[in-house]
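Undergrad: sequence first, then the predicted structure:
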Amino acid sequence: MPDLIPTAYQLAWPFAIAVAWLAGEFGYRLTGLPRISIYGLMGFAFGALLMEVLPQSTTDTFMLLANIAFGLMLFEMGYRINLHWLRANPWIAVMGVAEATATFVVVYVVAQLFGTPTLPALLLGSLTMATSPAGMLRVINEQRSSGQVTERALHLSALNCVLAVFTFKVIVGIGVFQTSGSLLSAAWNSLVVLAVSAGLGALLGLAVPGLLRRLGNLSRDATLAFAIAVILLVSVTHAFKFSPVLAALTFGLVARHRRVTLNKTQRNFGVMGDLLSVVLFFFVAATLGWSRVTYGLPLALALVAARFVAKVLGVAVFARVSGVSWRKGALTGLALAPLSVFVILMLEQTRRMGVDLVDSLVPVAAMALLLEVIGPIITQRALIWANETPDTQEE
């Protein structure tokens, strides 16, 4: 009998993930809500109610699995970004920079009004600039949506990620310099990490398509080769404490423009991607403690509202000059709601570098939970209201 206790302990996470998957499937069929929102709810419930039963989710193995899942989605996001489209319509890039800047400023001001110190307020502003590619891409693929709002939301999400990672790393570097007084340490935690991460992603983006051309059978081998390359890239950047986010996104962007096509039937990287997505969204919510969520809820609600307003208005203002109606501009801004996966993984990566910011960023847990659940739902609604899902297109 005593042997059953460690065995049950080892089975806790697989059992919890299986329950989350079942809840996602039945919940989607019964309510139409995005599966990832239900995975998040189940993860928070298991993490909050069974904290003593589940093994620690913040171990390096769980972090690596989560980063691999996120890396596959970031690669696919980067792979769908068309730089030629941005050059043909530069107003989309202007829109992205303006919307992200507005979000940073508004969130910083609101955080300061609530008495948040300057450095944490700046970090909150930089994190909320982002739109989580994981939530965005999963909803788009699940809804099989296509159209102007879908494509603009994808491109703005990628741009938001790059701007958020850059701003966050620079602010972290400033914080490290203020604490340690070491310019070298500050530069390593900011600009060097960014440059090396982007360089590794670009290097693979050139090497893998070249290798595939030498092997032939691009359409058959491309999906598997890219998946293995993403796993390798994320593992290396994770081990050496670089940025898997920027590396995977750069890899996808460069690979796309090397003219190697990803098999359309393998969106989400097939069954492997679907499995890892359950782990990712469940894991992120399971890291959120109930006490942190309730403690930071008032400020989190204010910051979430400020972020929504800034993103919707920041995109809508440039809607007409960029070639769409005000309505589609506002819906694009709404579609940029998801955030939680990006925030939690960024903070965990920073913690592994020796800079623990979770305790100083009080509302992060509550914001992550709110946007883990409602963010994908808002994105789903925006795509449906824009008539860019198959069901609405037939009407």
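TA: Yep, it's here.

Undergrad: could you use CA atoms for every contact and neighbour count after this?
TA: Will do.

Undergrad: where are the low-confidence patches of the protein?
TA: 1-10, 49-60, 177-190, 217-221, 258-268, 353-356, 359, 392-395 (pLDDT under 70).

Undergrad: swap in 50 and give it another go.
TA: Residue ranges of the chain with pLDDT under 50: 1-2, 57-58, 264-265, 395.

Undergrad: now do the strand or helix carrying I344: distance to the chain's middle.
TA: Assigned by DSSP states H and E, I344 belongs to helix 340-352. Helix 340-352 has its C-alpha centroid displaced from the chain centroid by 10 Å (C-alpha atoms, centre = their mean, to the nearest Å).

Undergrad: one more: stretch 246-253?
TA: Chain-centre distance of stretch 246-253: 13 Å, with C-alpha atoms, centre = their mean.

Undergrad: ok, now stretch 328-345?
TA: Distance, centroid of stretch 328-345 to centroid of chain: 9 Å (C-alpha atoms, centre = their mean).

Undergrad: could you do stretch 344-353 as well?
TA: In terms of C-alpha atoms, centre = their mean, the centre of stretch 344-353 is found 13 Å from the chain centre.

Undergrad: ditto for stretch 191-198
TA: Counting by C-alpha atoms, centre = their mean, stretch 191-198 is centred 19 Å from the centre of its parent chain.

Undergrad: which residues does that stretch contact?
TA: 166, 169-170, 237, 242-244, 246-247, 250 (C-alpha atoms under 8 Å, 6 or more residues apart in numbering).

Undergrad: for that stretch, buried residues please.
TA: Neighbour counts over stretch 191-198 (16 or more other C-alpha atoms under 10 Å) mark 192-198 as buried.

Undergrad: sorry, back to before: could I get the contacts of stretch 191-198 as a markdown table with secondary structure, distance to A285 and neighbour count?
TA: Supplementary listing: the contacts of stretch 191-198 in a markdown table, determined by DSSP: H, G, I helix; E, B strand; the rest coil; distance: C-alpha to C-alpha, whole Å; neighbours: other C-alpha atoms under 10 Å:
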| residue | secondary structure | distance to A285 | neighbour count |
| --- | --- | --- | --- |
| F166 | helix | 25 | 19 |
| K169 | helix | 24 | 26 |
| V170 | helix | 27 | 20 |
| T237 | helix | 23 | 22 |
| F242 | coil | 23 | 26 |
| S243 | coil | 21 | 24 |
| P244 | helix | 20 | 31 |
| L246 | helix | 22 | 28 |
| A247 | helix | 24 | 29 |
| T250 | helix | 27 | 28 |
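
Undergrad: where do the helices of the stretch 251-395 of the chain begin and end?
TA: Counting by DSSP state H, counting those that start in this stretch, the stretch 251-395 of the chain has helices at residues 270-286, 290-295, 297-316, 326-335, 340-352, 364-385, 390-393.

Undergrad: would you turn the contacts of stretch 191-198 into JSON lines with distance to V94?
TA: Below are the contacts of stretch 191-198 laid out as JSON lines (distance: C-alpha to C-alpha, whole Å):
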{"residue": "F166", "distance to V94": "17"}
{"residue": "K169", "distance to V94": "22"}
{"residue": "V170", "distance to V94": "22"}
{"residue": "T237", "distance to V94": "30"}
{"residue": "F242", "distance to V94": "28"}
{"residue": "S243", "distance to V94": "25"}
{"residue": "P244", "distance to V94": "26"}
{"residue": "L246", "distance to V94": "21"}
{"residue": "A247", "distance to V94": "24"}
{"residue": "T250", "distance to V94": "20"}
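
Undergrad: which member of those is positioned nearest A310?
TA: Among those, F166 lies closest to A310 (C-alpha to C-alpha), at 19.7 Å.

Undergrad: ok, and the residue found closest to the closest one once you drop the neighbours it is linked to in the chain, which helix or strand is that part of?
TA: In space, and not counting its chain neighbours, F166 is closest to L194: 7.1 Å by C-alpha to C-alpha, 6 or more residues apart in numbering. Per DSSP H and E: L194 is located in helix 193-215.

Undergrad: in that helix, what's buried?
TA: So, applying 16+ other C-alpha under 10 Å, buried residues of helix 193-215: 193-206, 208-209, 212.

Undergrad: try stretch 310-325
TA: Of the residues in stretch 310-325, those buried (16+ other C-alpha under 10 Å) are 310-319, 322.

Undergrad: quick revisit: could I have the helix holding L194 exported to PDB, CA atoms only?
TA: What follows is helix 193-215, C-alpha atoms only, in PDB (Å, rounded to 0.1, in the frame of the first residue of the first chain):
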ATOM      1  CA  VAL A 193      19.800  38.100 -25.000                       C
ATOM      2  CA  LEU A 194      17.700  39.700 -27.700                       C
ATOM      3  CA  ALA A 195      20.400  39.700 -30.300                       C
ATOM      4  CA  VAL A 196      21.600  36.100 -29.700                       C
ATOM      5  CA  SER A 197      18.000  34.800 -29.600                       C
ATOM      6  CA  ALA A 198      17.000  36.500 -32.900                       C
ATOM      7  CA  GLY A 199      20.300  35.400 -34.400                       C
ATOM      8  CA  LEU A 200      19.800  31.700 -33.500                       C
ATOM      9  CA  GLY A 201      16.200  31.800 -35.000                       C
ATOM     10  CA  ALA A 202      17.400  33.400 -38.200                       C
ATOM     11  CA  LEU A 203      20.200  30.900 -38.500                       C
ATOM     12  CA  LEU A 204      17.800  28.000 -38.300                       C
ATOM     13  CA  GLY A 205      15.400  29.800 -40.600                       C
ATOM     14  CA  LEU A 206      18.200  29.800 -43.300                       C
ATOM     15  CA  ALA A 207      19.600  26.300 -42.500                       C
ATOM     16  CA  VAL A 208      16.500  24.200 -42.300                       C
ATOM     17  CA  PRO A 209      15.000  25.200 -45.700                       C
ATOM     18  CA  GLY A 210      18.500  24.700 -47.300                       C
ATOM     19  CA  LEU A 211      18.700  21.200 -45.800                       C
ATOM     20  CA  LEU A 212      15.200  20.400 -47.000                       C
ATOM     21  CA  ARG A 213      16.000  21.500 -50.500                       C
ATOM     22  CA  ARG A 214      19.000  19.200 -50.500                       C
ATOM     23  CA  LEU A 215      16.900  16.300 -49.300                       C
END
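
Undergrad: lovely, talk soon.
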